[in-house]
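Chemist: My questions concern the predicted model and sequence given below.
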Amino acid sequence: MSNSQKLVFPKIRKVRLQRFSLYNLEPNVELDISNGVFCLAGANGLGKSTFLAAVNFAITGIVPNPNREFKSVEEYYKFGAGYREAFFTGRISEQDRDAASVGVHLLVGNHLYKLTRGVFEPGELQELTVLKAGTGEVVLDSSENTPSQRSQEYQQRITKDVGLASFEQFVFLQHFVLTFDESRHLLLWDQRVLNQALYLCIGADFEKAQQADKLKRDMEKAGSLARNYSYQASNVRSRIEVIRDAMKTTLTDDKFAELGSQYALLREAQDSGRAEVEKKVAHLSDAELKWMEITAELSSLQNEYFKEFSRRTHKDYYVSHHPVISASISEKRCAVCGAEGPCIADHIQHAIDAQKCPLCASKIRNQPPSSDSIAQLQQLDRQISEAKERLKIALKTKDRVSAELKVCESTFTSASAQLDEFEAANETFLVQLRSRTDETLQNLISEMSEYLRLKKKKYSERDEKQREYLKLQRELERSYAAAEQEFVPLFRDLAVLFLGIDIDIQLYSSTSVIDPRLSLILEMRGSLRREDYQLSESQRFFLDIALRMAFSQYMSHHAGQATIFIDTPEGALDIAYESRAGQMFAKYAASGHSIIMTANINTSQLLRKLASECGVQRMTLHRMTSWTELSDVQMQEEALFEMAYGNIEAALNSGN
């Protein structure tokens, strides 16, 4: 790959998180990022993976959906925006949704980008400024632009500065090549993703990479449509065979007329039953609406009565007009406990006559309020009584219509069952009936012929796309052959450093009609490893990281060496490989490239070895344990965290 074809990748200089509720002790975080290794170290469950996802979101505008299969670069970006809200909901509290944002400063060649995204504002940028690196001269001030205009401006500018053909390609490289996150999406064993990575990282012609991506997707769509037309043609062929078989046994005119009469009656019964069900559903909806309206009116009147009583009468006066007492007397039902009967009203009235509160037996002054108050309460009381009567009628109507609906549904179900039984028992009659009406045998034959024509057309389109795609694939093979002398040693050096054994990587080409592609196959100790299960989990993870590192080293321009994001899969490491993984990371950083990584603070040798290899000149350790509250178990063992931090920092200070 010539220097003019190499990519100028962004260098992250600053990260700013605002109102990230997940980090409840420090929701506003601002970090300066220097070249080399930046390690965010903490405990389980503190949000380390969220940090990497947030930074990637700021750079690309989307969060990867681990459950969505990769189809094409364009579709990945188009449909990727929807997962952002699901990812951050729960990590950002409801009260912080409007204010939560993530900002980054990116150095891309001679330009410094300063941008901020609202976490729940898709396709928009709150802020975007582009400065000339070194001088600070303003190249772009987008304060007058709309948020969507800023986003478009950012996409166009950074695509050009990086050196790609589209922003979608930039997003693909950032997510699938330069990021190893908690989804553990492995390049080596996802052929669709690997093929596109090879076109972008090795092919170097980004317009052709775009073309290959589109051709592959068009091939798949054409093939899928062809298979669908084939399926439709097969279905029609089956119907033709059924008709032909049925027509071998011809019904007499009298028998056909008899069955036709039965069929018509059954259809009519089903249609009539369906119409009655629909009518009763509408009536029930009206009745329920009426019942709800009266219920709301009654509630409003009772509330108004209570307010009027409280406003116009003292609590010691005319207790019989209190809403609870009045309702209990008029309904002969205790509004408190629900007891019913004439004795309820008599008991309450007896207590009032004796100038005692019916509830607590306290002495009351049973003096009537002013006549206008009584008149207002009496009017409301009459309205409440009338509303209650109307409510009873509405409820009765609702119950009646509901019962009628059940009868209609039962009748319709019975009619449908009888029709189904008739059709199952008289298939010959139905076939001949259809053949005599709108579904003639000739129509079906024409329909099948059309499906077969479309099938042939789509397979022809697929084959044409495949021929174009294979031309690009052969060009990529030649590019790989030219790159092999530089690329393969990059991968081998990193992989051998981790594994401690010789390893090689080979290009395999398939020209299959179904799935033409290129893939990379590992060779370890003379044995080919084509499948992921042929390696241990730790080998799969760290060899995949080594491949990403080799890709980024090979395609990076010296003016914009890549930064890889790694959510360290330490749990997968055997103890023998911990130190070696640290050496591999350190070797990558020593080549001038950068790593932003997260890691658990534990007794693992990975961070200690990495720290001793890099030293304070090429590694920054940031403690994350102060960002959010530790669990009870973690707090009880906080001394262990401090000891682990101390060991790593000691290794840093004694390093190169």
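Modeler: Alright, I've got the coordinates. Numbering: from 1, shown residues only.
Chemist: neighbours around Ser626, how many?
Modeler: Ser626 has 13 neighbouring residues, counting by other Cβ atoms under 10 Å. Where C-beta positions appear, they are placed from N, C-alpha and C, glycine not excepted.
Chemist: Any stretches of the stretch 201-350 of the chain with poor pLDDT?
Modeler: Along the stretch 201-350 of the chain, the model assigns pLDDT under 70 to residues 204, 243-253, 311-318, 320-321, 323.
Chemist: in it, which spans are strands?
Modeler: For the stretch 201-350 of the chain, no strands are identified by DSSP state E, counting those that start in this stretch.
Chemist: where's Ala335 relative to Glu386, distance?
Modeler: 19 Å (Cβ to Cβ, to the nearest Å).
Chemist: Compare neighbour counts for these two and give me the winner.
Modeler: For Ala335 versus Glu386, the count of surrounding residues by other Cβ under 10 Å is larger for Ala335: 16 against 13.
Chemist: In contact with that one, which residues?
Modeler: The contact partners of Ala335, taken as Cβ atoms under 8 Å, 6 or more residues apart in numbering, are 324, 327-328.
Chemist: For the stretch 51-200 of the chain, which segments count as helices?
Modeler: Using DSSP state H, counting those that start in this stretch, the helices of the stretch 51-200 of the chain run over residues 73-80, 83-88, 147-162, 167-172, 191-198.
Chemist: Centre-most residue in the protein?
Modeler: Nearest to the centroid of the C-alpha atoms of the chain, with distances taken as Cα atoms, centre = their mean, sits Tyr83, at 3.5 Å.
Chemist: Please tell me the pLDDT value assigned to the nearest residue to that one once chain neighbours are set aside.
Modeler: Among residues not flanking Tyr83 along the chain, Asn65 sits closest, at 3.8 Å (Cβ to Cβ, 6 or more residues apart in numbering). What the model reports for Asn65 is a pLDDT of 85.
Chemist: got a list of what Asn65 touches?
Modeler: Shown in contact with Asn65 (Cβ under 8 Å, 6+ apart): 79-80, 82-83.
Chemist: Relative to Ser143, how far out is the closest residue to Val29 other than its chain neighbours?
Modeler: Of all residues beyond its chain neighbours, the one nearest Val29 is Leu17 (4.3 Å), with distances taken as Cβ to Cβ, 6+ apart. Spatial separation of Leu17 from Ser143 under the definition Cβ to Cβ is 22 Å.
Chemist: who's more crowded, the two?
Modeler: Between Leu17 and Ser143, counted using other Cβ under 10 Å, the more crowded position is Leu17 (24 against 8).
Chemist: Which stretches in the stretch 401-550 of the chain count as helices?
Modeler: For the stretch 401-550 of the chain, helices defined by DSSP H, counting those that start in this stretch occupy the ranges 427-436, 441-499, 537-555.
Chemist: Which of those sits closest to Ser510?
Modeler: When the helices of the stretch 401-550 of the chain are ranked by distance to Ser510, counting by Cβ to Cβ, first place goes to helix 441-499 at 9.1 Å.
Chemist: Report all helices and strands that that closest one contacts.
Modeler: For helix 441-499, the helices and strands in contact under the criterion 3 or more Cβ pairs under 8 Å, 6 or more residues apart in numbering; DSSP states H and E are helix 206-247, strand 503-510, strand 517-524, helix 537-555, helix 575-590.
Chemist: For the nearest residue to Arg274 once chain neighbours are set aside, list the residues it contacts.
Modeler: Using Cβ to Cβ, 6+ apart and skipping the chain neighbours, the partner closest in space to Arg274 is Phe412 (5.8 Å). Phe412 makes contact with 270, 273-274, 276-277, according to Cβ under 8 Å, 6+ apart.
Chemist: Give me the subset of these lying in helices.
Modeler: 270, 273-274, 276-277 (DSSP state H).
Chemist: Ala394: what's it in contact with?
Modeler: 287, 290-291, 294.
Chemist: out of those residues, who's nearest Glu30?
Modeler: Trp291 (59.2 Å).
Chemist: okay, the residue nearest to Arg274: pLDDT?
Modeler: According to the model, Phe412 carries a pLDDT of 90.
Chemist: Which per-residue confidence value corresponds to Arg365?
Modeler: At Arg365, the model reports a pLDDT of 62.
Chemist: about what we covered before: for the residue nearest to Tyr83, what are phi and psi?
Modeler: phi -90, psi 110 (degrees, to the nearest 10).
Chemist: circling back to that earlier point, pick the most deeply packed of the helices of the stretch 401-550 of the chain.
Modeler: Comparing these by mean neighbour count (mean count of other Cβ atoms under 10 Å), helix 537-555 comes out on top with a mean of 23.
Chemist: Past it, which element shows up next along the chain?
Modeler: If you walk from helix 537-555 toward the C-terminus, the next helix or strand you reach (DSSP states H and E) is strand 563-567.
Chemist: picking up where we left off before, quick one, which of the contacts of Phe412 are buried?
Modeler: 270, 273, 276-277 (16 or more other Cβ atoms under 10 Å).
Chemist: Who's the closest spatial neighbour of Ile240, skipping the chain neighbours?
Modeler: Once flanking residues are discounted, Ile240 sits nearest to Leu444: 5.0 Å by Cβ to Cβ, 6+ apart.
Chemist: coming back round to it: out of the helices of the stretch 401-550 of the chain, which comes closest to Phe256?
Modeler: Checking those against Phe256 by Cβ to Cβ gives helix 427-436 as the closest, at 6.8 Å.
Chemist: Looking at the closest one now, give me its mean pLDDT.
Modeler: For helix 427-436, the per-residue pLDDT values average out at 68.
Chemist: again, but for stretch 70-83
Modeler: In this model, stretch 70-83 has an average pLDDT of 84.
Chemist: So for it, what gets flagged as buried?
Modeler: Neighbour counts over stretch 70-83 (16+ other Cβ under 10 Å) mark 70-74, 76-77, 80, 83 as buried.
Chemist: Now flag whichever of the contacts of Phe412 is closest to Ser261.
Modeler: So of the contacts of Phe412, ranked by how close each gets to Ser261 (Cβ to Cβ), first place is Gln270, at 15.3 Å.
Chemist: That closest one contacts Ser416, doesn't it?
Modeler: Yes: taking contact to mean Cβ atoms under 8 Å, the distance of 5.5 Å between Gln270 and Ser416 places them in contact.
Chemist: Any stretches of the stretch 351-500 of the chain with poor pLDDT?
Modeler: For the stretch 351-500 of the chain, counting by pLDDT under 70, the residues that fall below are 365-373, 431-441.
Chemist: got a list of what Thr116 touches?
Modeler: Each residue near Thr116 by Cβ under 8 Å, 6+ apart is listed here: 16, 58, 101-103, 125-128.
Chemist: which of the residues you listed count as buried?
Modeler: Buried among these (16+ other Cβ under 10 Å): 16, 58, 101-103, 125, 128.
Chemist: how much space is there between the nearest residue to Glu477 once chain neighbours are set aside and Leu543?
Modeler: Nearest-residue entry for Glu477: Ser509, 5.9 Å, with adjacent residues in sequence omitted and distances by Cβ to Cβ, 6+ apart. Distance from Ser509 to Leu543, counting by Cβ to Cβ: 21 Å.
Chemist: Quick one: low-confidence residue ranges for the stretch 1-150 of the chain.
Modeler: Low-confidence regions of the stretch 1-150 of the chain, defined here as pLDDT under 70, cover residues 1-4.
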